[in-house]
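In: Sequence below, structure please.
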Amino acid sequence: MQYPFAALVGQETLKRALLLTAVDPRIGGVLVSGEKGTAKSTAARALAEILPPLRVVAGCPFHCHPDEPWPACPHCSGLDTRHAIELPMPLVTLPLGATEDRVIGTLDFERALREGRKAIQPGLLATAHRGILYVDEVNLLADHLVDVLLDAAAIGTNSVQREVIKLSHPARFMLIGTMNPEEGELRPQLLDRFGLMVRVAGPREPELRAEVVRRRLAFDESPAAFAARWETEQAQLRERIEQARGLLAAVRIDDALLQLMTRLCCELEIDGLRGDIVLYKTTRALAALDGRTTATSADVREAAELALVHRRRRKPFDHPTSSAQELDDFFEGGRPKAEGGGVDFGHDGASQDDGSREAEGTDRMEPDDDHRLFPLPSASAVRPVELERATSSPRLARGRRNAVTAERSGQYVRATASDSPTDLAIDATLRAAAQRGGWDGNQLTVEPADLRQKVRSGRAGTLILFVVDASGSMAARRRMEAVKGTVLGLLVDAYHQRDQVAVIAVRGVQAQLLLPPTSSVELAQSVLQTLPTGGRTPLAHAFTLASEVIARARRSDSEGLALVVLLSDGKANVGLPQATGEPFAQALATAGQLAAARVPALVLDTDAGLVRVGRASELAAALGAEYLPLDELSSESLTSEVRRRCQALSVRTPSGVRT
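Out: Alright, predicted model coming up:
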């Protein structure tokens with residue numbers, strides 16, 4: 001039993017957006033972004049409970065409408081009389097680890113061989129037709145599934161193609177996705193496909209939080225009794241949705257209001273026309289939901305916050321926000337800012353308030369450790385370069401950069417013989433049996449020698465672990481500005497490749513994991529922004545911590561790859577607790593342990609002295625890593641160097657052994 005939609009506390013914008021897409025599913029669905037524990041999934045699942053039932057042909061796996069069935073439906077096309085029934089609104093959850101066959105379906109080879117006709121074994125997209133397709137953690141969805149989802153959402157049909165046989169079926173669904181931005185950004189192409197986007201946060205008022213807890217505990221104790229208490233409100237919402245659907249076609253939007261919408265999209269520099277169209281549909285649905293047949297500029301104002309905010313992003317570090325004040329200024333006759341928010345930069349690309357922060361960082365010192373905070377350069381000041389390849393195209397494709405062979409995920413690319421396949425390739429198995437001549441009359445018999453295993457290919461993301469020496473031992477502390485700029489350039493590249501990044505700060509008594517592995521470059525940028533310098537250099541502990549971070553990452557993603565980027569002068573002066581030996585000797589030993597785990601590394605020497613001590617190069621040798629003096633590299637060439645190493649990372653086989 002689902003938690004009642006009417007019992008949700010607060011989150012009015014989220015509930016409003018879900019109701020709008022229920023009134024007009026052609027809006028394109030809702031993306032809900034927010035921190036964990038903010039009722040994102042609860043609200044999405046609860047929506048199905050208040051939607052009107054679906055009228056379908058009894059027994060049809062594609063949810064065909066009794067009056068307008070799919071002409072090629074293998075179930076309905078063979079019926080002389082179609083019996084209509086009502087089903088609860090389908091709510092189909094798309095698992096992150098689903099295979100492509102499970103999502104799009106596959107050909108029914110048994111029926112093809114038995115009856116000599118093409119048939120489909122339906123997938124999740126077929127099951128979601130005329131219903132809700134719900135994707136939790138949509139920003140973590142595998143690339144090949146994202147492509148399938150994009151195609152189906154764009155054209156309203158899903159195609160299944162195996163060998164020379166191709167079939168299509170309708171796949172029109174209400175798309176609802178939830179995501180935690182701390183776990184990474186959403187692929188821009190998929191982001192634009194969502195009609196509406198809502199950013200949610202947990203309530204900050206103690207009484208409101210207390211009411212959330214009271215209701216949740218009451219539901220957990222007795223779901224049926226709790227749902228019964230809210231049935232009246234649930235019924236009212238169902239009736240409101242049905243009335244709004246009936247009123248939708250009668251809502252009038254005059255040309256002056258349409259001109260207002262398009263002018264707003266131009267002022268906000270919305271790319272493409274999808275934003276204009278969604279804004280129009282949302283405005284119309286708002287009027288219908290409120291029981292009106294005439295839309296107003298107030299409806300446009302409310303719709304803009306839902307339909308345009310997520311379409312304003314320009315660059316990885318731009319904040320896709322459209323403040324209420326900007327929209328108010330527009331509707332009061334002013335002009336909204338077209339830059340998409342963020343920090344205002346001067347002609348030289350530096351932040352206007354860098355000077356004040358630099359002065360603060362210079363003057364503010366701890367009495368014991370001389371801590372300093374240096375500003376972070378603008379993302380626009382760092383220009384990533386594309387690495388030249390042997391192919392004719394100079395552009396590096398975006399997406400996860402390393403190809404891997406996977407057991408159960410990824411795209412089906414070929415088949416191999418197997419006595420006990422775990423992922424049976426039906427087409428290749430039947431083809432092998434036919435080639436063997438395994439016909440017994442009109443039936444094809446399959447023997448163990450005919451069995452084939454599917455081989456799937458996907459793209460593996462890379463964890464780039466920055467180990468940044470922020471201690472006071474660096475020869476030129478203001479060089480931290482250049483270090484931050486360098487890392488920022490690498491983060492821009494990581495954004496395009498959808499890698500994960502993590503940051504370990506080497507300072508004080510022990511190294512600190514400032515940023516656990518994440519795909520959110522905004523979080524990484526904020527960590528670098530507040531990264532101070534000063535203190536001692538616990539490199540041994542930094543390598544130990546790096547080993548732990550990578551080990552955890554490998555346990556959660558056996559196909560993931562890792563690269564350690566060390567920015568340090570190598571002058572370790574703090575050893576491990578309760579360990580003997582010189583601090584630098586301990587650093588060499590722990591670096592050797594990281595190398596023994598076969599973790600690729602790159603050492604960037606930040607020593608700016610005229611005479612280099614050579615400690616960083618010794619660490620590079622212990623790590624089995626390449627050594628590069630930082631002052632000999634520009635941000636562009638360094639990005640190219642790291643990209644080249646990420647491209648060259650060895651892949652894993654299904655058994656987990658690197659090749």
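
In: Test my guess that residue 104 contacts residue 161.
Out: No: if you go by C-beta atoms under 8 Å, residue 104 and residue 161 don't touch, sitting 9.2 Å apart. For every residue, glycine as well, the C-beta is placed using N, CA and C.

In: out of those two, which sits in the busier spot?
Out: The neighbour comparison of residue 104 against residue 161 (other C-beta atoms under 10 Å) goes to residue 104, with 25 against 11.

In: ok, the residue nearest to the more buried one when sequence neighbours are not counted - contacts?
Out: Excluding the flanking residues, the one nearest residue 104 by C-beta to C-beta, 6 or more residues apart in numbering is residue 123, at 4.8 Å. Contact analysis of residue 123 by C-beta atoms under 8 Å, 6 or more residues apart in numbering lists 101, 102, 103, 104, 105, 106, 158, 160.

In: Among those, name the buried ones.
Out: 101, 102, 103, 104, 105, 106, 158, 160 (16 or more other C-beta atoms under 10 Å).

In: need those in a markdown table with distance to residue 245 and pLDDT, can you?
Out: Shown next, in a markdown table, are the buried ones among the contacts of residue 123 (distance: C-beta to C-beta, whole Å; pLDDT from 0 to 100):
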| residue | distance to residue 245 | pLDDT |
| --- | --- | --- |
| 101 | 35 | 80 |
| 102 | 32 | 84 |
| 103 | 29 | 88 |
| 104 | 29 | 86 |
| 105 | 29 | 84 |
| 106 | 35 | 77 |
| 158 | 25 | 87 |
| 160 | 31 | 80 |
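
In: What ranges does the stretch 451-600 of the chain have for its strands?
Out: Taking DSSP state E, counting those that start in this stretch as the test, the strands found in the stretch 451-600 of the chain are 452-460, 462-469, 500-506, 512-518, 532-533, 561-568.

In: Out of those, the one nearest residue 178 is which?
Out: Of all the strands of the stretch 451-600 of the chain, it is strand 512-518 that lies closest to residue 178, at 17.1 Å by C-beta to C-beta.

In: In strands, which of the contacts of residue 123 fall?
Out: Taking DSSP state E as the definition of strands, the contacts of residue 123 contribute 106, 158, 160.

In: Reformat these as TSV; add distance to residue 290.
Out: As requested, the ones in strands among the contacts of residue 123 are arranged in TSV below (distance: C-beta to C-beta, whole Å):
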residue	distance to residue 290
106	45
158	35
160	42
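
In: Let me see the domain layout of this protein.
Out: 5-53+88-245, 251-331, 402-459, 461-647 (automatic domain parsing).

In: tell me the most buried of these?
Out: Most buried of the domains of the chain, by mean neighbour count (mean count of other C-beta atoms under 10 Å): domain 461-647, with a mean of 20.

In: residues touching the residue nearest the centre of the chain, list them.
Out: Residue closest to the mean C-alpha point of the chain, counted by C-alpha atoms, centre = their mean, is residue 139 at 1.8 Å. By C-beta under 8 Å, 6+ apart, the contact list for residue 139 reads 179, 180, 181, 183, 184, 185, 186, 187, 519.

In: Unless I'm misreading it, residue 471 sits right up against residue 531, doesn't it?
Out: No: between residue 471 and residue 531 there is no contact under C-beta under 8 Å: 11.6 Å.

In: in a helix, that's where the residue nearest to the centre of the chain is, yeah?
Out: Yes: assessed with DSSP: H, G, I helix; E, B strand; the rest coil, residue 139 lies in a helix.

In: just to revisit the earlier point, which of the ones in strands among the contacts of residue 123 lies closest to residue 194?
Out: Checking the ones in strands among the contacts of residue 123 one by one against residue 194 (C-beta to C-beta), the nearest turns out to be residue 158, at 18.5 Å.

In: Please report how far the nearest residue to the closest one once chain neighbours are set aside lies from residue 196.
Out: In this structure, residue 158 finds its nearest non-sequential neighbour in residue 171, 4.0 Å apart by C-beta to C-beta, 6+ apart. Distance check for residue 171 against residue 196: by C-beta to C-beta, to the nearest Å, it reads 20 Å.
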